[in-house]
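Student: Build me a model:
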Amino acid sequence: IKGGWKYGELKALNKFSPEITVKQCGEGFTRRGNTDIEKHKQAAQNALNEAKDEMLSSKWDMIILDEINYAIDFDLISLQQVLDLIEHKPETLHLVLTGRNAKPEIIDKADLVTEMTEIKHPFKQGIKAQKGIEF
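Tutor: Numbering: from 1, shown residues only. The predicted structure follows:
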């Protein structure tokens, strides 16, 4: 979802390379009704296929699919595709799915579910993303 943006998590995680690998697979932020939705769908599908390949490669202890719940919510990929991915997860792999609006079917399959609730955000007050805070 974040596309090629350079954000804080990347800088922090790069300090752990090569033990941690980050692959940005999205086309960037999207909104419902965007006219370029097909390119976002294709990028999400490619990312899901790559995630499945990596998941089955046995190279990783943990794979984090950042914002995948948003990708489902925005109809970029289907719920069924993600449920199938979960179903084929190797027993020893930790699979982490992030993003708001997790579907009940995903919550049912999960061992741990955490919900963060936004109380207040500067963006809603017209303050744009700030270097060192959001990216």
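Student: Just give me the longest helix of the chain.
Tutor: Longest helix in the chain, counting residues (DSSP state H): helix 37-56.
Student: Helix or strand with the lowest mean pLDDT in this protein?
Tutor: helix 8-14 (a mean of 76; mean pLDDT, DSSP states H and E).
Student: Setting aside sequence neighbours, what's the nearest residue to the residue nearest the centre of the chain?
Tutor: Centroid check for the chain by Cα atoms, centre = their mean gives Asp66 as the closest residue, at 2.2 Å. Using Cβ to Cβ, 6 or more residues apart in numbering and skipping residues adjacent in sequence, the residue nearest Asp66 is Thr98, 5.0 Å away. Any C-beta I mention is one placed from the backbone N, CA and C, and that applies to glycine too.
Student: Can you report how many residues neighbour the one you found?
Tutor: Look at Thr98: counted by other Cβ atoms under 10 Å, it has 15 neighbours.
Student: Give me the below-cutoff pLDDT ranges for the protein.
Tutor: For the chain, the stretches with pLDDT under 70 are 1-7, 26-35, 135.
Student: As a check, name the ranges of all strands in it.
Tutor: Using DSSP state E, the strands of the chain run over 62-65, 94-97.
Student: so which of those strands comes closest to Asn46?
Tutor: Asn46 sits nearest to strand 62-65 of all those, at 13.1 Å, using Cβ to Cβ.
Student: So which other helices or strands are in contact with the closest one?
Tutor: Here strand 62-65 touches helix 37-56, strand 94-97, going by 3 or more Cβ pairs under 8 Å, 6 or more residues apart in numbering; DSSP states H and E.
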